[in-house]
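Participant: Kindly return the folded structure for what I paste below:
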Amino acid sequence: MTVGILVIALLIILIGAEVFTNALEHLGERLKITEEMTSSIFTPVGTALPATMVPMVAVLSTFGTQSVREEMAVGAILGAPLMLATLVMFLTAVAAISRRGWEDHFSPERTALNRDLFWFLIAIGLGTAAIFAPHSMKWLRILLALGLVLVYIVYLVRYFRTSRQSGAKGRRIQASERLYLFRLFGRLGVTENLPVIFMQLVIATAFIVFGAQGFLQGVERLSMWTGVSILALSMVIVPLASELPEKFNSLVWIRTRKDTLAFANITGAMVFQATLLPAVGIMLMPWEPRPEVLAGVIFPFAATAYLLFRLRHGNLRAVHLFFNGFCYLACLLVVLGWGYVPVAAQ
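Facilitator: Sure thing, here's the model as predicted:
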């Protein structure tokens, strides 16, 4: 029954994410947004919605106790940047090797990738500092949270400034499929205009919120059944369900040598997930130095620092990203091992 709830909730979330992404493509086409901006900012922010909604639903919903909801939210917030910086990077390497071989090297746009990785490390550093900030010093925690918001604002400003200086107009995004509401109700006079696009965005968001509610209830039951803490399960399961499916585009792009698009889709989401949501967590949740929480910031920091070092000191090859996979496995062992409490002892 528990697994069934999780599967059904996951399907609802994935349907909502697909409908949302379809509407997002049409909105980008209407706003004449370039593919470069889409890969670095528009798509990462939009496709991060499922992973974003899960912790927000956990905080705002009324199911379970407050401690249960807070553990789910903290786990979901930490899990997304962890998975992106480690597991997704490793899967990107595996996809590249399967098509391009072991000796081939990646050729992304280095300035953009350097920028994304650098600001991600800054964000993780601020989030880690906030873990050790006493709850009695609310002013310090608020200051660190505002610092994370400022990091994302500065990141966006630098992105647009770099784009203007390069003078690259870029190719405008084109929606890959017709708007779903038009495909369903086009015969009734529904057109692909902005009001209909926004209506589809609202419908998709409602699906994601509903699915997130069921998903969180399933995680709580799974915790009771397995003896693994809700925080640990949320760090592992929530991003696998809400974030990983949206990153398969990067695996396709890396196989076809679209390295800039592939990495920008990952690293743009990394910066977003490491700034705005942790800011909410610092101010509203028990952002404390538990072993699972520390593992959730230390391993993605190490994986990203290593990746930035490799990028700045030579060619970046697929085998180098195996270290990111090792970091994910090590973090998984720490989080699940520390968060396990035998059911009989509960």
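Participant: Which residue ranges of the stretch 201-346 of the chain form strands?
Facilitator: In the stretch 201-346 of the chain, the strands defined using DSSP state E, counting those that start in this stretch lie at 316-317.
Participant: pLDDT weak spots in it?
Facilitator: 242, 339-346 (pLDDT under 70).
Participant: who's in contact with the closest residue to V219 other than its chain neighbours?
Facilitator: Distances taken as C-beta to C-beta, 6 or more residues apart in numbering place L233 nearest to V219, at 5.4 Å, with adjacent residues excluded. Yep, even glycine has a C-beta here, placed from its N, CA and C like the rest. For L233, the contact set (C-beta atoms under 8 Å, 6 or more residues apart in numbering) comprises G75, V219, L222, S223, T226, G339.
Participant: Tell me the spacing between the fifth one and L333.
Facilitator: Distance check for T226 against L333: by C-beta to C-beta, to the nearest Å, it reads 16 Å.
Participant: Of the two, which one has the most company?
Facilitator: T226 (15 against 11; other C-beta atoms under 10 Å).
Participant: And the more buried one, how close does it get to A133?
Facilitator: 32 Å.
Participant: likewise E18?
Facilitator: 39 Å.
Participant: Show the low-confidence segments of the stretch 51-200 of the chain, by residue range.
Facilitator: Scanning the stretch 51-200 of the chain for pLDDT under 70 picks out the ranges 51, 61-64, 162-176.
Participant: cutoff 80 now
Facilitator: 51-69, 159-177, 186, 188 (pLDDT under 80).
Participant: Quick one: the strands in it, in order.
Facilitator: Taking DSSP E, counting those that start in this stretch, the strands of the stretch 51-200 of the chain run over residues 105-106.
Participant: my guess is L276 meets L146, correct?
Facilitator: No. Using C-beta atoms under 8 Å as the test, L276 is too far from L146 to be in contact (11.4 Å).
Participant: which residue is nearest the middle of the protein?
Facilitator: A80 (4.4 Å; C-alpha atoms, centre = their mean).
Participant: picking up where we left off before, which one of E18 and A133 is surrounded by more residues?
Facilitator: Remark: of E18 and A133, A133 carries more neighbours, 20 against 15, as counted by other C-beta under 10 Å.
Participant: Roughly how far does that one sit from L126?
Facilitator: Counting by C-beta to C-beta, the gap from A133 to L126 is 10 Å.
Participant: Overlap of the contact sets of those two?
Facilitator: What both A133 and L126 touch, as defined by C-beta under 8 Å, 6+ apart, is the set L144.
Participant: for the chain, longest helix please?
Facilitator: The longest helix of the chain (DSSP state H) is helix 194-226.
Participant: Output the contacting helices and strands for it.
Facilitator: Helix 194-226 sits against helix 2-30, helix 49-60, helix 66-83, helix 180-185, helix 230-242, with contacts defined as 3 or more C-beta pairs under 8 Å, 6 or more residues apart in numbering; DSSP states H and E.
Participant: for it, which positions count as buried?
Facilitator: 196-197, 200-201, 203-205, 207-220, 222-223 (16 or more other C-beta atoms under 10 Å).
Participant: And for the nearest residue to L146 once chain neighbours are set aside, the neighbour number?
Facilitator: Once flanking residues are discounted, L146 sits nearest to A279: 7.3 Å by C-beta to C-beta, 6+ apart. Per other C-beta under 10 Å, the neighbour tally for A279 reads 25.
Participant: do the same with G4
Facilitator: 9.
Participant: how far away is it from V219?
Facilitator: Taken as C-beta to C-beta, the span from G4 to V219 is 13 Å.
Participant: cool, A305 as well?
Facilitator: 31 Å.
Participant: and if you look at W338?
Facilitator: From W338 to V219 the distance is 18 Å (C-beta to C-beta).
Participant: for F120, same thing?
Facilitator: With C-beta to C-beta as the criterion, F120 and V219 are 26 Å apart.
Participant: Look up how far Y159 lies from T92.
Facilitator: For T92, the distance to Y159 - C-beta to C-beta - is 21 Å.
Participant: Those two - which one has more neighbours?
Facilitator: Neighbours per residue, other C-beta under 10 Å: of T92 and Y159, the larger number sits with T92, 25 against 20.
Participant: who touches M72 in this structure?
Facilitator: M72 neighbours (C-beta under 8 Å, 6+ apart): V54, P55, A58, L216, V219, E220, I230, L231, S234, V238.
Participant: correct me, but the first one touches A212?
Facilitator: Yes. Under the criterion of C-beta under 8 Å, V54 makes contact with A212 at 4.7 Å.
Participant: Hmm, P239 and A76 touching each other?
Facilitator: Yes. With contact defined as C-beta under 8 Å, A76 and P239 form a contacting pair (7.2 Å).
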